[in-house]
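**Student:** please find the sequence and the predicted model below.
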Amino acid sequence: MPPRPAPVYDYIIVGAGSAGCVLAHRLSADSDVRVLLLEAGPNDTHPFIHMPAGLAKLVQRTDVNWNDVTAPEAALDGRTLWWPRGKVLGGSSSINAMCYTRGAPGDYDDWAAQGAQGWAWADVLPWFRLSEGNVRGADALHGADGPLTVSDLRHVNPLSRMFVEAAQQAGLVANEDFNGSTQAGAGLYQVTQRDGARCSAATAYLDRATRARPNLTIQTGAVVSRVTFEHGRATGVVYATGRGAFHQPALREVLLCGGTINSPQLLMLSGIGPAMDLRRHGVQVVHDAPGVGANLQDHLDICTLVQSTRRISYDRISDAAVAWDYFVRGRRGAGTSNLAEAGGFWRSPLAPDARPDVQFHFVPAMLDDHGRKRLPGDGYTLHACFLRPRSRGRIRLVSNRVGDRVRIQANYLGDAEGFDLKMMVECAKISRTILGQSAFDDVRGAPIFPARDDLSDAELEAFVRAKAESIYHPVGTCRMGSDDEAVVDPQLRVRGVDGLRVVDASVMPTLPSGNTNAPVIMVAERAAELIRRAGDA
C-alpha cells in the first residue's frame, strides 16, 4: 500500500513551552485553521510539576529538563554554569518558581527605541492584561479574566515574612504588587498558581477544551531537526518521534517557540545564521544572518546563605507531611509554596535611571548549587541579581546534528567597563545589609556563604566569581529589531525568508527587569494577533 499523505496543517508550532502553548490556544480558536504543536519532551503529567513545592524535586529530572550547561566562563573562575530549561508541555513554566513579574515599563520603551516598533509599554500592557487572570481583580494594570491565573501564596514561611520586615528596616518600601504603579520595594510574590496548584502555560492555555479541539494536534516526544524551504519560503519541518522521521508541510507559517537556546539552534541547522559557521559544520546556507545566536543575555545571581537557629526553614521538612497536607487535605501547607516566596526590587547607588536595577528572591532554606547540594542544618538564602547586565554572549553550533547541544558562551561579567562585576558586588553588599537587620535577630546563626560578614570589595569580587550562578532568564539570541543585524522584524518574522517567525524569549532585544515568564506569554499573545492578521490579509 502507498504511504498515507501527511495531514495538512496551516501552522506548525515548534516547542510547547510558554509561547507555544499560547499560540496553539489562540490560533486553533479559529476552527477553519489547522494547527500542529510539536514538543520534544513528554506530557505534563508528573505530580511534582503540579504541586508547587515539587519544583525542588524536579531539579534532577532530566526527562523534563534540557539540563544545559554553559561553556567555561572565564570571569567566573572557568566554571560551567547549569541552565535548567523545561523539556515538557509548558516548557520552563512547568518547572520554574512561578514568580509573576513583568519588568518595568521603561524596559519595553527601550525595546521600541532600539527598533522594535509596536513593543513600547503602552503597546504591550493590553497583552499582559489579556493573558492575566489575577485573583485580586481587574484594574488599569491588571486583567482578571485571562487564562493565566495569578494568585497570592496560600502558605508563607515565617522566615519569608522576616525578610520583608528586614528589607524595610534596610530602607526598602513595602510593596504588595511588583506589577503595580511602582516596582520598587519588598514583599511577597504573586505566583502563577490556581487553587494552590501550578498554573503553567500548559495548564492555562492547553486546558481540556483546547486539547480536544479537532483542528489542534499535539505531538510530544517530537524532535525537530530542521525547517524546510522552497524558493526562500518555509514550507514545513522535519521531525522525529519513536515511530520514525517525518516531513510535515505547513500551508501558512512555521512558528519557532523553542526558547533562547533551541530556536537559534534550529535556525542555524536549517541554514539561517552566520554563513561561515554554518559551512564549517556542513550546513547549506539559506540566509546569512550573523545575528542568530548573538546578543545572549542572562541575569547572573549571587546567593547569601545564613544558618537558622530555629528549625522553621524548609531544609528538613518532612516529605510525608508535605504530601499529606497537599494531596489529602486539599492543596494546603508547604506543598503550595513556590519556595521563592518573598523578594523585591531595589535601586542601587549605581543605577543610571529611576528603575530598580537589583532583584531579590528570598528562600527559607539553604540552597547551594541550585539546591542540588544539601547542607546540614537549617537556614535561609537570599538571591540577588543585577537586572540590566551589559555583557553579551553567544550560542554556536557544535555540529550539524540536532542531538548535539549548542555551545553556550554566556560571557558573564564580560563587559569592557567591568560594570557588571561592580553591580554584582553591590548585590552581595545589599544582601548582607538586609540579612543583618534586627528582624532576623531571633533566628540568625552563622554565615555560610560568604563565610564571613566583613569581606572587602576585593574579597566580594572573588566570592562572586566563585559562587555566582544563573537565575534562569536567558534571552536575546534571535533579536527583534529594524536594523540589518536583527534576526526578526517587529512582527517577529525571520528576516531574509518568508513564512517563518520566532516567538519566544530569544526575540527580546534586552532583558526585562524581572522574571521572564510573564513577558514571554505577553510576546506570544501579541504574536498570535499579528499572525491572525497576516492570515486574514
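**Tutor:** Okay, I see it. From a predicted model like this one, the values you see are computed outputs, not experimental measurements.

**Student:** what sits up against the longest strand seen in the chain?
**Tutor:** Secondary structure of the chain per DSSP state E: the longest strand is strand 244-256. Strand 244-256 is contacted from outside by 6-15, 20, 23, 36, 225, 227-228, 234-240, 263, 266-267, 478, 499-504, 527, 531, 534-535, using CB atoms under 8 Å, 6 or more residues apart in numbering. All C-beta spots, glycine's among them, are computed from the backbone N, C-alpha and C.

**Student:** try 6 Å
**Tutor:** Contacts of strand 244-256 with the rest of the structure, by CB atoms under 6 Å, 6 or more residues apart in numbering, involve 6, 9-14, 23, 227, 234-239, 263, 266, 499-503, 535.

**Student:** which of these fall in strands?
**Tutor:** Using DSSP E, the contacts of strand 244-256 in strands are 9-14, 227, 234-239, 500-502.

**Student:** hmm, back to that, show the buried residues in the contacts of strand 244-256.
**Tutor:** Buried members of the contacts of strand 244-256, scored by 16 or more other CB atoms under 10 Å, are 9-14, 23, 227, 234-239, 263, 266, 499-503, 535.

**Student:** now do the longest strand of the chain, average pLDDT.
**Tutor:** Regarding strand 244-256, the rounded mean pLDDT is 97.

**Student:** given it, what are its sheet partners and their directions?
**Tutor:** Strand 244-256 has the following sheet partners, assigned by DSSP bridges: strand 9-14 (parallel), strand 233-241 (antiparallel), strand 500-502 (parallel).

**Student:** what's the closest of these to A204?
**Tutor:** Closest to A204 of the strands paired with strand 244-256, according to CB to CB: strand 9-14, at 15.9 Å.

**Student:** gap between that closest one and the chain center?
**Tutor:** 23 Å (CA atoms, centre = their mean, to the nearest Å).

**Student:** ok, and what's touching that strand?
**Tutor:** Here strand 9-14 makes contact (CB under 6 Å, 6+ apart) with 20, 23-24, 27, 33-38, 224, 237, 250-258.

**Student:** buried only: go through the residues you listed for me.
**Tutor:** Applying 16+ other CB under 10 Å to the contacts of strand 9-14, the neighbour count classes 20, 23-24, 27, 33-38, 224, 237, 250, 252-258 as buried.

**Student:** out of the strands paired with strand 244-256, flag the one nearest Q168.
**Tutor:** For the strands paired with strand 244-256, distance to Q168 was read as CB to CB. The smallest value, 41.8 Å, belongs to strand 500-502.

**Student:** residues in contact with that closest one?
**Tutor:** By CB under 6 Å, 6+ apart, the residues outside strand 500-502 that reach it are A234, V254, L255, L256, S263, C478, V488, L492, R493, V494.

**Student:** what's the closest of those to P158?
**Tutor:** Among the contacts of strand 500-502, S263 lies closest to P158 (CB to CB), at 42.1 Å.

**Student:** I figured the closest one was touching S506, is that so?
**Tutor:** Yes. Between S263 and S506 there is a contact under CB atoms under 6 Å: 4.7 Å.

**Student:** what do the two both touch?
**Tutor:** Common neighbours of S263 and S506 (criterion: CB under 6 Å, 6+ apart): C478.

**Student:** give the buried residues for the helix or strand bottoming out on mean pLDDT in the chain.
**Tutor:** In the chain, the helix or strand scored least confidently by mean pLDDT, DSSP states H and E is helix 319-323, which has a mean of 88. For helix 319-323, the neighbour count (16+ other CB under 10 Å) marks V322, A323 as buried.

**Student:** which elements pack onto the next helix or strand after that helix?
**Tutor:** Next helix or strand after helix 319-323 toward the C-terminus (DSSP states H and E): strand 342-346. Contact analysis of strand 342-346 by 3 or more CB pairs under 6 Å, 6 or more residues apart in numbering; DSSP states H and E lists helix 158-169, strand 185-188, strand 358-363 as its packing neighbours.

**Student:** now do whichever helix or strand comes after the last one: everything it contacts.
**Tutor:** This means strand 358-363. Reading on from strand 358-363 to the C-terminus, the next helix or strand found by DSSP H and E is strand 379-386. Applying CB under 6 Å, 6+ apart, the contact partners of strand 379-386 are 159, 299, 301-308, 313, 358-364, 366-367, 423-424, 427, 431, 435, 471.

**Student:** again, but for stretch 189-202
**Tutor:** With CB under 6 Å, 6+ apart as the contact definition, stretch 189-202 has outside contacts at 18, 21, 44, 50, 52, 89-90, 93-94, 98-100, 149-151, 154, 331, 336, 338, 343.

**Student:** may I have that stretch as PDB, with CA atoms only?
**Tutor:** Coordinates of the C-alpha atoms in stretch 189-202 are reproduced here as PDB (Å, rounded to 0.1, in the frame of the first residue of the first chain):
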ATOM      1  CA  TYR A 189       5.500  37.500  45.200                       C
ATOM      2  CA  GLN A 190       2.200  36.800  43.400                       C
ATOM      3  CA  VAL A 191       2.500  33.500  41.600                       C
ATOM      4  CA  THR A 192       1.200  31.600  38.600                       C
ATOM      5  CA  GLN A 193      -1.000  29.200  40.700                       C
ATOM      6  CA  ARG A 194      -4.600  28.200  40.500                       C
ATOM      7  CA  ASP A 195      -6.300  26.900  43.700                       C
ATOM      8  CA  GLY A 196      -2.900  26.000  45.200                       C
ATOM      9  CA  ALA A 197      -1.500  24.200  42.100                       C
ATOM     10  CA  ARG A 198       0.900  25.400  39.500                       C
ATOM     11  CA  CYS A 199      -0.700  27.200  36.600                       C
ATOM     12  CA  SER A 200       1.800  26.600  33.900                       C
ATOM     13  CA  ALA A 201       1.300  27.800  30.300                       C
ATOM     14  CA  ALA A 202       0.100  24.300  29.500                       C
END
